[in-house]
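# quick one, what's the 3D model for this:
(one chain, ligands or ions: 2)
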Amino acid sequence: MSVIATPQSLPPARIAPSILSADFACLGEEVRNVLAAGADWIHFDVMDNHFVPNLTIGPMVCEAIRPHVGQAPIDVHLMVEPVDALVPMFAKAGASLISFHPEASRHVDRTLSLIRDHGCQAGLVFNPATPLDWMDHVMDKLDLVLLMSVNPGFGGQKFLPSTLPKLRAVRQRIDQWIQQGGQPIALEVDGGVKADNIAEIRAAGADTFVAGSAIFGQSDYAASISAMRAEILKADSLQA
Ligand code: DX5
Ligand code: ZN
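Numbers count the residues shown, from 1 in each chain. Ligands and ions are numbered 1, 2, ... in the order given. All right, here's what the predicted structure looks like:
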């Protein structure tokens, strides 16, 4: 009997709307609405006008939305340099996962440990041109790998197709790691993800999908999320 749904090799898919494209004048309502529409995680983009050329939100805003998010994880994506001082602040503000760019930390191993020591899950973020070698010696300290499919700094950019072979390479590394007895590591993709390209991104091995403009730029959040899930299911049934 053939198996339907998700192929054994891929973990269930999660949708993580980026509030970068939400209405900042009513963020609490926006996160409640998008979770009610079927989102799994809230993706929280932190930009410092130094590591990236834009300025967004910090721990105070994370703390303010926490009561509106219920049990859902807040996935904090730090695009800041330096990183370490913000880790305890975001942990206190209710972050569930904290990920950072390795170029922005002098001591990547130490920053990963710092995140876990504060009770959060730890992630490394790879810019389009950042080599995967940064993962080599810290696999045991990773809960998440986040591949940027645009250069970070702005919502609404176009998905870079060079992300697809890179995703396949990370999927292979994670699968090998788990086969050797390692802990699970989520594989997230961020930038230009939409219902039109999410199937090929899933097929390349992603399990967590950040989408900002493709969800908050539409009036019906539930319809946008359902369209994405339907495309993911199509990709999974082709692989099964
Ligand atoms: C870009 C951010 C993304 C961004 C994605 O630097 O990290 O999370 O909000 O937005 P879309 O989905 O519009 O590309
Ligand atoms: Zn992001």
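
# quick one: mean pLDDT for the host helix or strand of residue 60?
Following DSSP states H and E, one finds residue 60 within helix 59-69. For helix 59-69, mean pLDDT is 98.

# got the phi and psi for the residue most central in space within the chain?
Central residue of the chain (C-alpha atoms, centre = their mean): residue 188, 4.5 Å from the mean position. Torsion angles at residue 188 (phi, psi; degrees, to the nearest 10) stand at phi -110, psi 150.

# now do the contacts for it.
By C-beta atoms under 8 Å, 6 or more residues apart in numbering, the contact set of residue 188 is 16, 75, 123, 144, 145, 146, 147, 206, 207, 208, 209, 210. All C-beta spots, glycine's among them, are computed from the backbone N, C-alpha and C.

# one more time with 6 Å, if that's ok
Under the criterion of C-beta atoms under 6 Å, 6 or more residues apart in numbering, the contact list for residue 188 reads 146, 208.

# same thing with residue 192?
By C-beta under 6 Å, 6+ apart, the contact list for residue 192 reads 149, 150, 157, 158, 159.

# please indicate which of the residues you listed are buried?
Among the contacts of residue 192, the ones that count as buried by 16 or more other C-beta atoms under 10 Å are 149, 150, 157, 159.

# give me the subset of the residues you listed touching ligand 1.
Among these, the ones lying near ligand 1 by C-beta under 6 Å from any ligand atom are 150, 157.

# how about the residues of the chain by ligand 1?
Applying C-beta under 6 Å from any ligand atom, we find that the chain lies next to ligand 1 at 18, 20-21, 43, 45, 77, 150, 152-153, 155-157, 190-193, 210-214.

# what about the residue in the chain that ligand 2 sits nearest to, helix or strand, and which?
For the chain and ligand 2, the shortest gap (C-beta to the ion) falls at residue 77, measuring 3.7 Å. Element membership for residue 77 (DSSP H and E) is strand 74-79.

# ok now the next helix or strand after that strand, how far from the chain's centre?
The helix or strand immediately downstream of strand 74-79 is helix 86-92, counting by DSSP H and E. Counting by C-alpha atoms, centre = their mean, to the nearest Å, helix 86-92 is centred 18 Å from the centre of its parent chain.

# and helix 86-92, what does it pack onto?
Applying 3 or more C-beta pairs under 6 Å, 6 or more residues apart in numbering; DSSP states H and E, one finds that helix 86-92 makes contact with helix 59-69.

# what's around residue 152, how many residues?
The number of residues packed near residue 152 is 20, by other C-beta atoms under 10 Å.
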